[in-house]
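**Student:** sequence plus predicted model, see below.
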Amino acid sequence: MPGGRLKILRVAAAMIVFSGLTAAFVDFRGAVPVAVGHELASIQLVPSLVALVAGTGLAVAALVVLGVTLLVGRVYCSAVCPLGIFQDLVTRVAGWIRGSRRLLPYRPARTWLRQVFFWGVVVAVAAGGAGLTLSLADPYSIFGRLMSDLVRPVVTLANNAVVGIGTALGSEALYRVAPPWPGVGVLAVTAAMGVLLVGLAAWRGRIYCNTFCPVGTLLGLVADRSALRLSLNKSACRKCGDCLQVCKAQCIDLRAGTIDSSRCVACYNCIGACPEQGIGYRWRWSRSPQAKVAPPAARAETAVASPPRRALLAATAASLVAVSGAGRLLAATVGGPALALKGSRAICPPGAGGVDRFLDRCTACHLCVSACPTHVLQPAFLEYGLAGLLRPRLDYRAAFCNFDCRKCAEVCPDGAIDLLALAQKQVTRIGVAELVVDKCIVKTKGTDCAACSEHCPTKAVETVPFGDNLRLPQLNPDWCIGCGACEYACPAQPTKAITVVGRLVHDQVVRRVQEKATDPRRGGAFPF
Amino acid sequence: MNTRREFLKTGLALGAAVSLGRWPAPAAAEDRASGAPPRSRLAAVRDGTRAAMVDKALEALGGIGAFVQAGQTVCLKPNIGWDAPPERGANTHPELVGHLVRRCLEAGAKSVSVFDNPCDQWQLTYEHSGIEKAARDAGARVVNGKDESLYREVEIPGGVKLKRALVHSLVLDSDVLLNVPVLKHHSGTGMTAAMKNLMGVVWDRGFYHQNNLHQAIADFLTLRRPTLNVLDAYHPMVRNGPRGRTAADLIEMRTLLVSTDPVALDAAAAKLLGLEPAKVAYIRIADEMKLGTMDLTQVEVLRFSLA
């Protein structure tokens, strides 16, 4: 297929994925169907792999991605990975601002750095730190946070600025929404990541993907063995450099006449740029990649499979098992994340099963944070402890968990939040309220209140007669599911009279069954 | 203006002539001009559809035209407090809201706006209550109640505890305020009907809870008495209110009450729930502040059965 058409396909796929995911993450008024975010997130490599481990998916998407990569190279990085597409946009915009596209000449791969980052991630995951490591390293999740934490509040502000126009036209289609800024700590982490990525992309195109990104490195390892590889036709090449003008991966070595498949992100820009039609897919299936094409110098630089490397792989595998065991032993003895949670009140959503399980599986993409209609789901900074950095938690100062809602589970792509049946979700206990009646307004001020009981969806908080014609809240913890409605509503100051303490492991309450209510009227249909 | 001076003398509004000047005096004030003692009227209808019952009640009280004139702007305030479907009875029924919107527009209202400041997430609540669709289909504007910029701080002229509040501009600026609550048990105040429903037009409900809930509920009436109160008691929630758990919390009563006097209406509503009006503190306080009457023997009650 001619390069032009391949590029059109790539750009079309990228636009669908990017616009769909951006819409889902930036959605500040619940307008984007849940399926859009969920489906597009579920085809991402890391969420798909996590879902396999979580038992909620068969990693079909991951297998397809790996299979396609083995066939035609890193198509994923240009057409499916939202962070990759985002960086392409940054590079393009930076070019417009500069007035010309910067020529990125060939650079040898930073193999050593790549390996360090990749194996660092692998070792950290094996050592039991999967959640935090993948949160920081998964490109899809990084993209999600940029959009959810940074872009969404800004878009909300922009929306609020133009609401007046709609109102002037007599329409209520536009309305103001409180800008959903995350806390300062989360904002700082995400913003730092954003600055780094934008800076690197503006400076050197896909340098992040080809140096730090573990998904890029993994797919690079696979692409290095791919059956079809983009290659230079050495006899046609006049070394004009037009391909270099459009290459964002700095992977075309004109001198050697090679394209480094481990770094080529299959954007197909070069195919169309070559005036000699000298670049195209060639069948290159071989067990020992590049051995026949790469000159010795390039081989040394790319450091692909060779006997010493095989030994390294074996040694790594062995050490991973050891590290994994040691990590888990350490977590068990020292307490790991659980230790950090003692005395902490961070509460994870219903369907997460429990805090440790949640922190193991969640990659902090914040799709649920964007989807949560009440905004009770907020990214944590250190509320879960360091191990829970950036993972969503229920913040009952902001809102409470809607009894009839399962949006977070519906969008979650990696099985960190199971989609429970609604009836089951409504009896799932994520925490239990604690009532200190001595702080209650009814007692301290001698006036009725019962905001807690009013909001309680299970009526675990009821009211009983108290003093002179007053009603005092009374808690039955057996029916409490920890949704936080009471805590949110409690007007007592400076500290609330009713607060929810999270449960490290979620369990279930018994659904309360009540007889049909009876007519309270005394004295006929119109007792007045 | 004679009627207004008279009106003020009765102490009904406890001062603040400036604020009051912006709205037509309540219908009750017109009666007072004749010197006759004011007598609240209450229409009670049962055993019909909501639409038929409200039509009957309006007919008995002089027709919708007695309350909504051509060219006026109407703010219709239902109870849209909870993310619950109509069959749970946690909110005013959408059928009643839609019907009233149509009646107002038929009477020549320039516009009818519907809003509430819900307890649950507002978009979900507007949608699942069925009110957003019913009101829009009937021709109303459905306005965001969770936009603080739409609220204005005003003085509550006769407020004892609630002296200032951020009140939704629709309530401050509309010619007609149509209060359309639903009857429910309430774990804090005993019950909720007309007066308690008006808590949903202020921004900060927490203030009410922190500063004598009953007094604050009564205080609000000194800012603005609704032009008319229409109570949906078709299937009132008689326990686990105001949110309710299941439809088992409701009983079928097929009743609807209409009155210009929110205190009289709430007193009758209390009786429907088997409560003594004087035991519901905000009803007693409002009566003592002469914001209406809870003594139903002093109210002209018009009873109808459509069965």
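**Tutor:** Structure received.
**Student:** what about A:L382, neighbour count?
**Tutor:** Residues near A:L382, counting by other Cβ atoms under 10 Å in any protein chain shown, number 15. Every C-beta, even on glycine, is put in place using the N, C-alpha and C of the backbone.
**Student:** before we move on, which element is A:L230 in?
**Tutor:** If you go by DSSP states H and E, A:L230 is part of strand A:228-232.
**Student:** please name the strands paired to that strand in the sheet, noting orientation.
**Tutor:** Using DSSP bridges, strand A:228-232 pairs in its sheet with strand A:279-283 (antiparallel).
**Student:** and the next element down the chain from the strand holding A:L230?
**Tutor:** Where DSSP H and E defines the elements, the next helix or strand beyond strand A:228-232 is helix A:242-246.
**Student:** which parts of that following helix are buried?
**Tutor:** A:D242, A:C243, A:L244, A:V246 (16 or more other Cβ atoms under 10 Å in any protein chain shown).
**Student:** next one: stretch A:195-214
**Tutor:** Buried, per 16+ other Cβ under 10 Å, within stretch A:195-214: A:197-198, A:200-202, A:204-214.
**Student:** cool, and stretch A:179-189?
**Tutor:** For stretch A:179-189, burial by neighbour count (16+ other Cβ under 10 Å) applies to A:P180, A:W181, A:P182, A:V186, A:L187, A:V189.
**Student:** the residues you listed: which two are farthest apart?
**Tutor:** A:P180 and A:V189 (16.5 Å; Cβ to Cβ).
**Student:** what comes into contact with the strand holding A:L230?
**Tutor:** A:71-73, A:223, A:252, A:254, A:257-259, A:261, A:264, A:266, A:268, A:270-271, A:278-284, A:293 (Cβ atoms under 8 Å, 6 or more residues apart in numbering or on different chains).
**Student:** now it: average pLDDT?
**Tutor:** Strand A:228-232 carries an average pLDDT of 94.
**Student:** same check on stretch B:135-154?
**Tutor:** Taken as a whole, stretch B:135-154 has a mean pLDDT of 96.
**Student:** show me the contact partners of it.
**Tutor:** Identification of contacts with stretch B:135-154 by Cβ under 8 Å, 6+ apart yields A:170, A:172, A:175-176, B:19, B:76, B:80, B:94, B:97-99, B:101-102, B:105, B:111-118, B:122, B:126, B:131-132, B:164-170, B:172, B:200, B:202-203, B:223.
**Student:** rerun at 7 Å
**Tutor:** Contact with stretch B:135-154 is made by A:172, A:175-176, B:76, B:97-98, B:101-102, B:105, B:111-118, B:122, B:126, B:132, B:164-170, B:172, B:203, B:223, as judged by Cβ atoms under 7 Å, 6 or more residues apart in numbering or on different chains.
**Student:** pull out the buried members of those.
**Tutor:** A:172, A:175-176, B:76, B:97-98, B:101-102, B:105, B:111-118, B:122, B:126, B:132, B:165-170, B:172, B:203, B:223.
**Student:** quick revisit: filter the contacts of strand A:228-232 down to the ones in helices?
**Tutor:** Here DSSP state H is the test, and the contacts of strand A:228-232 give A:L71, A:V72, A:A223, A:C270, A:I271 as lying in helices.
**Student:** farthest pair in those residues?
**Tutor:** Pairwise over those, using Cβ to Cβ, the maximum falls at A:L71 and A:C270, 19.2 Å.
**Student:** give me the more crowded residue out of the two.
**Tutor:** Neighbour totals were compared for A:L71 and A:C270, and A:C270 leads with 25 against 14 (other Cβ under 10 Å).
**Student:** surely B:G159 touches B:A218?
**Tutor:** No: counting by Cβ atoms under 7 Å, B:G159 stays clear of B:A218, with 9.1 Å between them.
**Student:** the two: who's more crowded?
**Tutor:** When B:G159 and B:A218 are compared for neighbours, B:A218 comes out ahead with 29 against 20, by other Cβ under 10 Å.
**Student:** and the buried residues of helix A:242-246 as CSV, adding pLDDT and distance to A:G482?
**Tutor:** Listed next are those as CSV, based on pLDDT from 0 to 100; distance: Cβ to Cβ, whole Å:
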residue, pLDDT, distance to A:G482
A:D242, 92, 62
A:C243, 93, 59
A:L244, 92, 58
A:V246, 91, 55
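**Student:** residues near A:R225, how many?
**Tutor:** Residues within reach of A:R225, counting by other Cβ under 10 Å, total 21.
**Student:** repeat for B:G139
**Tutor:** Neighbour tally, B:G139, other Cβ under 10 Å: 15.
**Student:** can you check the one 5 residues further on too?
**Tutor:** Using other Cβ under 10 Å as the criterion, B:N144 is surrounded by 19 other residues.
**Student:** same check, this time on A:W96
**Tutor:** Residues lying near A:W96 (other Cβ under 10 Å) number 9.
**Student:** what helices or strands is the host helix or strand of it leaning on?
**Tutor:** Here A:W96, judged by DSSP H and E, is contained in helix A:82-98. Contact analysis of helix A:82-98 by 3 or more Cβ pairs under 7 Å, 6 or more residues apart in numbering or on different chains; DSSP states H and E lists helix A:3-26, helix A:139-145, helix A:184-204 as its packing neighbours.
**Student:** can you check which of those helices gets nearest to A:G128?
**Tutor:** Distance to A:G128, taken as Cβ to Cβ, is lowest for helix A:139-145 among the helices and strands packed on helix A:82-98, at 18.6 Å.
**Student:** in the stretch 151-300 of chain B, what residue lies closest to chain A?
**Tutor:** Using Cβ to the nearest Cβ, B:G188 is the residue of the stretch 151-300 of chain B that sits closest to chain A, at 3.0 Å.
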